[in-house]
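Enquirer: let me see the structure of the following:
(chains A and B)
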Amino acid sequence: GDSVTQMEGPVTLSEEAFLTINCTYTATGYPSLFWYVQYPGEGLQLLLKATKADDKGSNKGFEATYRKETTSFHLEKGSVQVSDSAVYFCALSRRGGADGLTFGKGTHLIIQP
Amino acid sequence: GAVVSQHPSWVICKSGTSVKIECRSLDFQATTMFWYRQFPKQSLMLMATSNEGSKATYEQGVEKDKFLINHASLTLSTLTVTSAHPEDSSFYICSAAGNYEQYFGPGTRLTVT
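Expert: Below you'll find the predicted structure:
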């Protein structure tokens, strides 16, 4: 079956550091890929998505590129801020988000001033 | 963005009793809602897909007689945990599908004593 693997946390960085959170997936066909973010006390929010190979999703300074050859969708940001502290989930969908999502375990990101 | 609420945000119940959790889409109509379960330090696991006016579709391994789902309107889905036991203690999260994106509720923490 489908699965998503992402790096375990917590990941602790200093403000303005470069961020990479690795995500790889296993699925047949061409799923859509997502990054969701969960701030304390809030529901998951869509951060970015990509629906086909080589697509780059971007939002709020975060980027991720759909790499079919390496089955990866790593999340990056050039300069993190304290406000980026949250839990980040990588996920996939077979129907562009219209079906139930398969999630990774989540990565807790802590940014220190 | 679209808002999804859940009620209650946390609940404690005694073993053998039933608990109902509500999921509402506040500013849009959702023909499809999803219910997920999250264990500590684990990913969200899809439990079931709820379609307005029809029976829910449960994932393999989820007991449909224990986790009763009703999607009576385009803005409300409910999950009832029947005859709850301590192993049902978990974090339950719903999402509502709209425009090829899922909007998540903040979750409900269930503790069964």
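
Enquirer: low-confidence regions, chain B specifically.
Expert: Where chain B drops to pLDDT under 70, the residues are B:1.

Enquirer: show me where it has its strands.
Expert: Ranges of strands within chain B are B:4-7, B:10-13, B:19-25, B:32-38, B:44-51, B:57-58, B:67-73, B:76-81, B:90-98, B:101-104, B:108-112, based on DSSP state E.

Enquirer: got these as CSV, with distance to chain A columns?
Expert: All C-beta atoms are positioned from the backbone trio N, CA, C, and that covers glycine. Supplementary listing: those in CSV, determined by distance: least, C-beta to the nearest C-beta, whole Å:
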stretch, distance to chain A
strand B:4-7, 7
strand B:10-13, 12
strand B:19-25, 11
strand B:32-38, 5
strand B:44-51, 4
strand B:57-58, 9
strand B:67-73, 13
strand B:76-81, 13
strand B:90-98, 6
strand B:101-104, 4
strand B:108-112, 11
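
Enquirer: so which of the ones you listed gets nearest residue A:80?
Expert: Across those, residue A:80 has its closest neighbour in strand B:101-104 (23.0 Å, C-beta to C-beta).

Enquirer: buried residues, that closest one. List them.
Expert: Under the neighbour-count criterion of 16 or more other C-beta atoms under 10 Å in any protein chain shown, strand B:101-104 has B:101-104 buried.

Enquirer: the residue positioned nearest the centre of chain A and residue A:59: what is the separation?
Expert: The centroid of chain A falls nearest to residue A:35 when counting by C-alpha atoms, centre = their mean (3.3 Å). Applying C-beta to C-beta, to the nearest Å, one obtains 9 Å for the distance of residue A:35 from residue A:59.
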